[in-house]
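Visitor: build me a model from this:
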Amino acid sequence: MSSKWIIQDHGSEGLSPMCDLRATFEQRTGGLTTLERLTGKMGCLPSGFTCEDAARAAMITARTGLIHLTGGTATEVDQPCIEKPWDILDNLPKLLAGDLEEAPELQTPKSGSVVGDGRVDVDTTVTIFPGVVFDATAGSIRIEEGATIRPNAVICGPCWIGKGTTIIDGAQIKANTSIGPHCKVGGEVGSTIIQGNTNKSHQGHLGDSVIGEWVNFGAGTSNSNLLNTYGDVIITDLEGNRHRTNRQFVGCFVGDHVKFAIETRIMTGTICGTGAMIASTQPPPTTTPRFTWHTDSGTKRFRIEKFLDIVKIVMARRGCELEPATEVMLRKLAK
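Guide: Numbering: from 1, shown residues only. The predicted structure is shown next:
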């Protein structure tokens with residue numbers, strides 16, 4: 001253990017849109033964020049963080065309370081190399097399994113059915129309705145404080161469900177899924193990370209995807225995670241560069257504050273930039289730029305003032321406020 005260590009923010013360029021509005025070390029990569037995982041290993045919070053962009057550093061300080069250090073070298077800790085959004089998916093099974101194994105034990109569920117030999121750790125404040133099945137055959141399951149698991153949901157390990165999250169009636173939460181705090185999740189979800197404060201309350205498939213904060217999936221919205229050719233998925237990033245992912249299963253990478261209308265069909269390997277609004281009867285483009293409004297009439301720029309008004313309304317519904325430093329970053333991204 002170290003009493004003094006520094007963590008580094010690597011910037012959003014490679015991991016956009018996932019890290020547009022958070023430090024790279026705030027990104028959930030397993031059951032935990034990198035910051036949470038390293039804090040556990042080092043035995044204390046870092047002394048601060050390094051970051052090359054002043055506006056971004058102010059946002060990170062507002063989010064984490066950590067001090068921005070203009071000097072010093074980040075402590076080198078053995079961590080998987082995550083440079084692109086699909087690298088998160090590559091490392092998800094190993095990191096999630098490790099986080100589950102190292103997490104302190106909680107109580108076993110007092111209701112619902114447990115299948116398999118893996119650990120099922122449930123906080124004492126979790127509400128479990130009748131008919132819930134915990135399938136720990138392939139890995140452990142952890143449900144944090146204040147979560148609610150509604151009737152007839154099936155949760156398969158490895159799986160991590162964050163604080164205050166609600167799993168909707170009849171949901172199928174499949175293996176290698178990590179759901180952050182204060183989400184509402186229903187339908188079928190598997191091999192996916194959801195960062196937090198995101199709603200997918202209705203039926204529809206979401207697989208092999210990484211989802212940001214404050215995202216809303218309209219009823220019936222589903223994504224494809226496999227090409228009809230069964231080939232490797234090639235992705236075009238927000239800057240127009242094409243990348244071979246070397247993965248057969250790739251769903252979507254969705255930035256913060258993205259909204260999908262009902263029955264949206266999201267194609268394999270889609271990237272949706274921060275603040276995009278999707279409301280079309282046809283599948284949206286596989287690359288949707290930040291702050292765009294995509295409808296059957298075409299794609300137009302989302303006025304930043306209108307966008308910010310909506311953000312503040314959405315966040316206020318959950319008793320949250322948009323941090324001034326995050327608003328500055330949103331305006332910077334919108335230029």
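Visitor: give me the mean pLDDT for stretch 325-332.
Guide: Across stretch 325-332, pLDDT averages out at 97.
Visitor: buried sites along it?
Guide: Neighbour-count burial for stretch 325-332, counted by 16 or more other C-beta atoms under 10 Å, picks out 325-326, 329-330. Where C-beta positions appear, they are placed from N, C-alpha and C, glycine not excepted.
Visitor: now, the most widely separated pair of those?
Guide: The two members of those with the most space between them (C-beta to C-beta) are 325 and 330, at 10.0 Å.
Visitor: returning to what we had before: now, the buried residues of stretch 325-332 that are in helices?
Guide: Applying DSSP state H to the buried residues of stretch 325-332, the entries found in helices are 325-326, 329-330.
Visitor: quick check: phi and psi on residue 18?
Guide: Backbone torsions for residue 18, taken as degrees, to the nearest 10, come to phi -60, psi -30.
Visitor: could you do the one 3 residues further on as well?
Guide: Its backbone dihedrals place residue 21 at phi -120, psi 20, with angles given as degrees, to the nearest 10.
Visitor: one more: the one 10 residues further on?
Guide: Listed backbone geometry of residue 31 is phi -80, psi -20, with angles given as degrees, to the nearest 10.
Visitor: against residue 92, how distant is it?
Guide: Separation of residue 31 from residue 92 (C-beta to C-beta, to the nearest Å): 10 Å.
Visitor: circling back to that earlier point, from the buried residues of stretch 325-332, pick the one nearest residue 302.
Guide: Closest approach to residue 302 among the buried residues of stretch 325-332 (C-beta to C-beta): residue 330, at 11.0 Å.
Visitor: could you find the closest non-adjacent residue to the closest one?
Guide: residue 308 (6.8 Å; C-beta to C-beta, 6 or more residues apart in numbering).
Visitor: report the secondary structure state of the one you found.
Guide: Three-state secondary structure (criterion: DSSP: H, G, I helix; E, B strand; the rest coil) places residue 308 in helix.
Visitor: burial count for residue 84?
Guide: The tally of other residues near residue 84 (other C-beta atoms under 10 Å) stands at 18.
Visitor: touching the helix ranked longest in the chain from outside, list them.
Guide: Longest helix in the chain, counting residues (DSSP H): helix 85-102. With C-beta atoms under 8 Å, 6 or more residues apart in numbering as the test, helix 85-102 has contacts from 15, 18, 27, 29-32, 37, 40, 80-82, 119, 139-142, 157-160, 176, 178, 191, 193, 208, 210, 235, 243, 245, 247, 250, 253, 271.
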